[in-house]
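In: Could you look at this predicted model? Sequence included:
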Amino acid sequence: KRTLISLGAFPEISLKEAREVRDLYRSLLAKNIDPQDYRLQQTQQALSEQKFTLSAMAKEWLLLKQNEVDTGRLKLVTFQDIGKRLDRHLLKILGHYPISDISAPLAIEKLKPLEREGKLDTLHRMIGYLNQIMVYAVNRGVIQYNPTADIGRVFIKPVAENNPTIRPEALPELFTNLQDSTLEIETRCALELLLLTAGRAGAITQLEWREVDLENALIEIPKEKMKGRQGKVQDFTLPLSSQAINVLRLLQKLNRYNSSFVFPSKKNPHQPISKETPNKALSRIGYKNILTAHGLRSIFSTVMNEAEFNSEIIEVCLAHFEYSSVRGTYNKAKYMPQRIEYMQWWGDFVEKLTEGRALMCC
């Protein structure tokens with residue numbers, strides 16, 4: 001039975017293109033393939049490809065990551081960081097592409113600006129996330145192989161560097177620069193609290209008021225916010241000096257949003273500020289490549305070791321350990337009186353060194 005099939009309308013389809021389609025359909029008939037079935041299959045495949053964009057695949061992949069959070073294999077803060085980085089750096093430039101259209105040359109072209117901007121760590125994180133999503137799509141049956149598997153080879157690799165820091169003698173100048181800056185007082189408080197507690201930027205910037213016990217001068221940091229391998233860390237109790245308590249009391253008065261977070265985001269008070277906020281603030285006041293938020297912890301370590309305090313207790317103050325046994329919990333309790341003493345000594349040291357120029361003295 002004869003079947004008619006349209007090749008398209010002229011002039012949208014040229015005579016040359018119509019002949020090429022005709023020849024294709026005749027070759028299909030020679031192989032006992034119905035051209036109408038073939039065209040329907042091609043249309044359905046095109047629609048499927050439009051449905052499976054990189055953003056759609058990333059959403060499914062993130063559900064797997066969410067399951068890792070729910071089962072305790074991935075920290076919530078790490079999961080949230082992955083989502084934010086994906087939205088900001090990868091999905092913004094490639095998210096709308098059908099995943100079958102993403103090739104190595106396309107991915108390289110879109111990611112090159114990160115290399116030109118010197119954001120090498122971010123660049124290689126994005127390459128890693130992209131490859132994980134592409135491998136997921138392969139296993140999902142959406143694409144046959146991962147064409148971006150080796151694109152990391154064409155980019156400059158980041159050089160691991162220690163976080164820059166300053167000598168303790170430079171702290172008075174730091175506080176003078178903070179006071180003379182246009183930084184918001186909450187941001188200055190964040191930097192000062194990081195210095196006074198020797199805490200990690202991630203834990204301090206995400207600090208919640210329910211974790212702060214001003215009466216007993218303690219901060220209880222849940223294990224989800226602690227650095228370390230999942231299953232190898234526990235909740236961490238951080239003693240507060242009187243100077244750190246003064247900073248926190250000031251922040252209570254400044255809590256204009258009535259937020260549950262000590263450092264709420266201005267855009268969304270129900271979320272904390274970014275852990276990169278302290279680093280950006282230090283760069284703004286002239287400390288780019290000179291001092292980082294993590295470098296503030298190094299100042300604490302330098303001073304305490306030079307003052308010949310017990311090095312093991314100093315490491316516990318910095319949370320440089322993992323609880324892997326009952327002994328780890330025992331040490332935590334054993335060193336608490338000494339850690340309270342150490343942190344107060346450190347607070348007094350900072351206050352004396354800054355000669356009243358710190359926010360805590362306002």
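Out: Thanks, I have the structure now.
In: Contact partners for residue 53?
Out: 95-99 (CB atoms under 8 Å, 6 or more residues apart in numbering). Backbone N, C-alpha and C define where each C-beta goes, glycine included.
In: make that residue 348, sorry
Out: Listed by CB under 8 Å, 6+ apart, the contact partners of residue 348 are 241, 243.
In: Quick check: it vs residue 303, distance?
Out: According to CB to CB, to the nearest Å, residue 348 stands 12 Å off from residue 303.
In: ditto for residue 110
Out: Remark: distance between residue 110 and residue 303 (CB to CB) = 46 Å.
In: between those two, who's got more neighbours?
Out: Higher neighbour count among residue 110 and residue 303: residue 303, with 20 against 17, using other CB atoms under 10 Å.
In: name the element that one belongs to?
Out: Using DSSP states H and E, residue 303 sits within helix 293-306.
In: and whichever helix or strand comes after that helix, average pLDDT?
Out: The element immediately downstream of helix 293-306 (helix or strand, assigned by DSSP H and E) is helix 311-317. In this model, helix 311-317 has an average pLDDT of 90.
In: first vs last residue of stretch 262-272, how far apart are they?
Out: 8 Å (CA to CA, to the nearest Å).
In: helices or strands next to the helix holding residue 303 in the packing?
Out: helix 185-197, helix 277-282, helix 311-317, helix 336-354 (3 or more CB pairs under 8 Å, 6 or more residues apart in numbering; DSSP states H and E).
In: and the last one, which residues are buried?
Out: By neighbour count with 16 or more other CB atoms under 10 Å, helix 336-354 contains the buried residues 338-339, 342-344, 346-347, 349-351, 353-354.
In: Let's check: the centremost residue of the protein is which one?
Out: residue 81 (3.4 Å; CA atoms, centre = their mean).
In: Where does it sit: helix, strand or coil?
Out: Classification of residue 81 using DSSP: H, G, I helix; E, B strand; the rest coil returns helix.
In: Distance check, it against residue 274.
Out: As defined by CB to CB, residue 81 lies at a distance of 9 Å from residue 274.
In: any idea which helix or strand carries residue 237?
Out: Per DSSP H and E: strand 236-239 holds residue 237.
In: on contacts alone, who are the packing partners of that strand?
Out: strand 218-221, helix 336-354.
In: now those in a markdown table, with mean pLDDT and distance to residue 39?
Out: Listed next are these as a markdown table, based on pLDDT from 0 to 100; distance: least, CB to CB, whole Å:
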| stretch | mean pLDDT | distance to residue 39 |
| --- | --- | --- |
| strand 218-221 | 91 | 61 |
| helix 336-354 | 93 | 74 |
